[in-house]
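> pasting the sequence and the predicted model now:
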Amino acid sequence: MLCTLPACAISGLFNCITIHPLNIAAGVWMIMNASVLLLCEAPFCCQFMEFANAVAAKADRLRSWQKAVFYCGMAVVPIVISLTLTTLLGNAVAFATGVLYGLSALGKRGDAISYARIQQQRQQVDEEKLTDALEGEL
């Protein structure tokens, strides 16, 4: 996660070196994004700020899918503001982190063999219920 912060912050800084206002806005958002992610994920880097532990505690209470939406949302905003290579590369790692949080929210899924076995058992139960219903009518 810590590799997200320098990529986003440095790309945001490079994005601010221009005369186009949308690029500057996207760069400032990227720097702010890096700061917020630093507070949420690595509060030990901000140990001299009094509110850092409170922000980290609130971020720890979020579920994985909420973190995924937060990270991906924060990463998409600069791209929407200014679609440049700098914003894409700078926010790619933050977006990928959000995707990983989203995948962890899905949890561990079974393999295809166990899924097929469960489906076969359900089909057998359904067939038994059908035959019992037909025998009950006769």
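Received, thanks.
> now the helix or strand where residue 65 lies: buried residues?
Per DSSP states H and E, residue 65 falls inside helix 64-81. Residues 67, 68, 69, 70, 71, 72, 74, 75, 77, 78, 79, 81 are the ones in helix 64-81 that count as buried (16 or more other C-beta atoms under 10 Å). Placement of C-beta: from N, CA and C, glycine included.
> also stretch 119-137?
Applying 16+ other C-beta under 10 Å to stretch 119-137 flags no residue as buried.
> returning to that earlier point: quick one, the following helix or strand past the helix holding residue 65 and helix 64-81 angle?
Toward the C-terminus, helix 64-81 is succeeded by helix 85-106 as the next helix or strand (DSSP H and E). Angle, helix 85-106 to helix 64-81, by axes from the mean of the first three to the mean of the last three C-alpha atoms, to 10 degrees: 160 degrees.
> elements contacting helix 85-106?
If contacts are counted by 3 or more C-beta pairs under 8 Å, 6 or more residues apart in numbering; DSSP states H and E, helix 85-106 sits against helix 4-16, helix 21-41, helix 64-81.
> who's in contact with stretch 15-33?
Stretch 15-33 is contacted from outside by 8-9, 11-14, 74-75, 77-79, 81-82, 84, 86-87, 90-91, 94, using C-beta atoms under 8 Å, 6 or more residues apart in numbering.
> for it, what is the average pLDDT?
Stretch 15-33 shows a mean pLDDT of 89.
> tell me how far residue 128 lies from residue 114.
Relative to residue 114, residue 128 is positioned 21 Å away (C-beta to C-beta, to the nearest Å).
> for the helices and strands packed on helix 85-106, which one sits closest to residue 51?
When those are compared by C-beta to C-beta, helix 21-41 sits nearest residue 51, at 8.1 Å.
> helix or strand right after the closest one?
helix 52-61.
> only alpha carbons, please: show that following helix as CSV.
Only the C-alpha atoms of helix 52-61 are listed here, as CSV (Å, rounded to 0.1, in the frame of the first residue of the first chain):
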residue,chain,number,x,y,z
ALA,A,52,-4.1,10.8,12.7
ASN,A,53,-5.0,8.0,15.1
ALA,A,54,-8.6,8.9,15.0
VAL,A,55,-8.7,8.8,11.2
ALA,A,56,-6.9,5.5,11.2
ALA,A,57,-9.3,4.0,13.7
LYS,A,58,-12.3,5.1,11.6
ALA,A,59,-10.6,3.7,8.5
ASP,A,60,-10.0,0.4,10.3
ARG,A,61,-13.7,0.1,11.1
